[in-house]
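In: Using only what follows, build the 3D model:
(one chain, ligands or ions: 2)
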Amino acid sequence: MNSWRLVFRGGWFRTAMSLPAIAPSLLAANFAHLDREMDMINRSEADYLHFDVMDGVFVPNISFGFPLLEVAHKLCRKPLDVHLMITDPDRYLDEFAKGGAAVIHVHYEACPHLHRTLTHIRELGCEAGVALNPHTPVGLLDDVLEQLDVVLIMSVNPGFGGQSFIPHTIRKITQLKQLLVARGSSARIEVDGGVSLSNAAALLRAGADTLVAGSSVFKADNPEALIRDLKHVSTTLPA
Ligand code: DX5
Ligand code: ZN
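Out: Ligands and ions are numbered 1, 2, ... in the order given. Here you go, the predicted structure:
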């Protein structure tokens, strides 16, 4: 988070600032110029490349899959943050891990055996993430916190880029942060959907540490600068 905190080192308190992680979403990129888009991501301060997989069943849209993952893995130097908006994700976890995923998010709503699914993702050497639709309460994660590396809070209904941010997401992030702190969990809080410079500070103040941004990055006049601005957004409240 972009806030100052006191760190105890060798008898002295010192201040340290940690910045949020930024994950531009490939879904909003210009596919006619993928090389150029990947170069921009590689040059930028982005921490991940967010890779949205949609199956037309779990969500009412179809995006892309393994062939594009191969391209992304080859061209992109940032870790791949794979968001599976698909039914029965267990069938494909091995292939996504082999294809270069660093993080794999499955949807809570698509996993009847979530504990097993998350355990398997970690066994594959990836970080395990659970995505929550806007209507799914954060408290439902209570019994899998130890299997989780990251929670992906959906701030739009999944399926499309360019949708409007759903404001009650801020409250969910606050609740999730409280739950993680109370349980001593170091899981990251990632937010996905409608994220822009106008809501980034509020999301970070609520407890998010990773921001996914599609349209706001790729439709910007200068996407690289927009990534930098998101990463360094001020979280100080106006006096
Ligand atoms: C939505 C996807 C998002 C999407 C975000 O279902 O999961 O990752 O690409 O795009 P923006 O930032 O345009 O809302
Ligand atoms: Zn996504």
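In: Contacts only, for D52.
Out: Counting by CB atoms under 8 Å, 6 or more residues apart in numbering, D52 touches S25, L26, L27, S63, F64, H83, M85, G161. Heads up, the C-betas are built off the backbone N, CA and C, glycines and all.
In: If we ignore the residues flanking it in sequence, what's nearest it?
Out: Closest residue to D52 in three dimensions, ignoring its sequence neighbours and counting by CB to CB, 6 or more residues apart in numbering: L27, at 4.6 Å.
In: Is the spatially most central residue of the chain within a helix or a strand, and which one?
Out: Taking CA atoms, centre = their mean as the criterion, E190 is the residue nearest the geometric centre of the chain, at 4.3 Å. In the assignment (DSSP states H and E), E190 maps to strand 188-192.
In: For that strand, enumerate its sheet partners and note whether each is parallel or antiparallel.
Out: strand 150-154 (parallel), strand 210-213 (parallel) (DSSP bridges).
In: hmm, the shortest one touching ligand 2?
Out: No. Counting by CB under 5 Å from the ion, ligand 2 is not contacted by strand 210-213; separation bottoms out at 5.6 Å.
In: what is the rounded mean pLDDT of that strand?
Out: Across strand 210-213, the average pLDDT comes to 98.
In: Give me the residues contacting that strand.
Out: Applying CB under 8 Å, 6+ apart, the set of residues contacting strand 210-213 from outside is 20-25, 47-48, 50, 81, 83, 150, 152, 188-193, 195-196, 200, 203-204, 226-227, 230.
In: out of these, which are inside strands?
Out: Secondary structure assignment by DSSP state E places 21-24, 50, 81, 83, 150, 152, 188-192 of these in strands.
In: Show the overlap between those residues and what lies near ligand 2.
Out: The subset of the ones in strands among the contacts of strand 210-213 within reach of ligand 2, counting by CB under 5 Å from the ion, consists of H83, D192.
In: Quick one: the ones in strands among the contacts of strand 210-213 as TSV, columns for pLDDT too.
Out: Formatted as TSV, the ones in strands among the contacts of strand 210-213 follow (pLDDT from 0 to 100):
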residue	pLDDT
A21	98
I22	98
A23	99
P24	99
H50	99
D81	99
H83	99
V150	98
L152	99
R188	98
I189	98
E190	99
V191	98
D192	99
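In: Out of the ones in strands among the contacts of strand 210-213, grab the one that's most surrounded.
Out: Each of the ones in strands among the contacts of strand 210-213 was scored for neighbours by other CB atoms under 10 Å, and A23 scores highest at 32 neighbours.
In: from memory that residue sits against H50, does it?
Out: Yes. Under the criterion of CB atoms under 8 Å, A23 is in contact with H50, at a separation of 4.2 Å.
In: List the residues that are in contact with both of the two.
Out: Going by CB under 8 Å, 6+ apart, residues that sit against A23 and also against H50 are D81, V212.
In: picking up where we left off before, wait, which of the strands paired with strand 188-192 is closest to H33?
Out: Ranking these by proximity to H33 (CB to CB) places strand 210-213 first, at 18.7 Å.
In: roughly how far is the closest one from the heart of the chain?
Out: Chain-centre distance of strand 210-213: 5 Å, with CA atoms, centre = their mean, to the nearest Å.
In: ok, and does it reach over to ligand 1?
Out: Yes. Legend: contact between strand 210-213 and ligand 1 by CB under 6 Å from any ligand atom is shown at V212, A213.
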